[in-house]
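Colleague: Kindly return the folded structure for what I paste below:
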Amino acid sequence: MIELTLPLTKEQVKSLRAGDSVLLSGTILTARDCAHKRLISLINENKELPFSLKDAFIYYAGPCPAKPDMASGSCGPTTSARMDSFAPTLLDLNLGGMIGKGEMCEEVRQALIKNCAVYFAAIGGAGALYAKCIKNSECIAFEDLLSEAVYKLEIKDFPVVVAMDCHGESIY
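Modeller: The predicted structure follows:
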């Protein structure tokens, strides 16, 4: 098991291979379809984004409301292919990578290679487990989208697998 703290250096990204098991700690952002559409609209309008993409990792998830003794409610991954049309643009703007569920398209694979980035797969159906890895949660953009808003999560020992690496390899 590889233990990594975000953000990742390019050397760390280059050392990862499809199929590697990883425990992530550090900061990630959540964003699903609606948030991605807004980000792309802002980019297309040459407007400033509400947060930096540089070296950030976007987790394709929408956290459920937290119970009183937790930072977040259940927070499992959503289907990554729904972000296929958005990911290359965000990667070109220095996004460090993504975390989600399932295969992504050839254009995303090429963008990962071009930008020396990585796509991690999270375990579908394990939202309660992932909630236990979340130590802090803060809404940082698009609050009106509720659970689909962008949240900044502080995570510890968040289990993932390298699904697509920067060398063009994929577990799919």
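Colleague: Strands along the protein, start to end?
Modeller: Counting by DSSP state E, residue ranges of the strands within the chain are 2-5, 21-30, 57-59, 97-100, 118-121, 134-141, 150-164.
Colleague: So what sits opposite Ser137 in the bridge?
Modeller: Leu153 (DSSP bridges).
Colleague: my guess is it contacts Tyr151, does it?
Modeller: Yes: judged on CB atoms under 8 Å, Ser137 makes contact with Tyr151 at a distance of 5.4 Å. In this view, the C-beta of every residue, glycine as well, is placed from N, C-alpha and C.
Colleague: quick one: which of those two has more around it?
Modeller: A count of neighbours by other CB atoms under 10 Å puts Tyr151 above the other of Ser137 and Tyr151, at 26 against 20.
Colleague: how about the strands of the chain in TSV, adding distance to Pro68?
Modeller: Converted to TSV, the strands of the chain look like this (distance: least, CB to CB, whole Å):
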stretch	distance to Pro68
strand 2-5	28
strand 21-30	21
strand 57-59	23
strand 97-100	27
strand 118-121	30
strand 134-141	14
strand 150-164	18
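Colleague: would CSV of the ones you listed with distance to Leu42 and mean pLDDT be doable?
Modeller: Output for the strands of the chain, formatted as CSV (distance: least, CB to CB, whole Å; pLDDT from 0 to 100):
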stretch, distance to Leu42, mean pLDDT
strand 2-5, 29, 98
strand 21-30, 15, 98
strand 57-59, 15, 98
strand 97-100, 18, 98
strand 118-121, 23, 98
strand 134-141, 10, 97
strand 150-164, 12, 98
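Colleague: Out of those strands, the one nearest Ser80 is which?
Modeller: The minimum distance between Ser80 and the strands of the chain falls on strand 97-100, with 3.2 Å, by CB to CB.
Colleague: Could you report the neighbour count for the spatially closest residue to Glu154 that is not a sequence neighbour?
Modeller: Take Glu154 and drop its neighbours on the chain: the residue closest to it by CB to CB, 6 or more residues apart in numbering is Asn136, 4.0 Å away. Using other CB under 10 Å, Asn136 has 13 other residues around it.
Colleague: now Glu138
Modeller: Glu138: 10 neighbours (other CB under 10 Å).
Colleague: What residues are bridge-paired with the closest residue to Tyr60 other than its chain neighbours?
Modeller: Nearest non-adjacent residue to Tyr60, counting by CB to CB, 6+ apart: Gly100, 3.7 Å away. Taking DSSP bridges as the rule, Gly100 bridges to Ala121.
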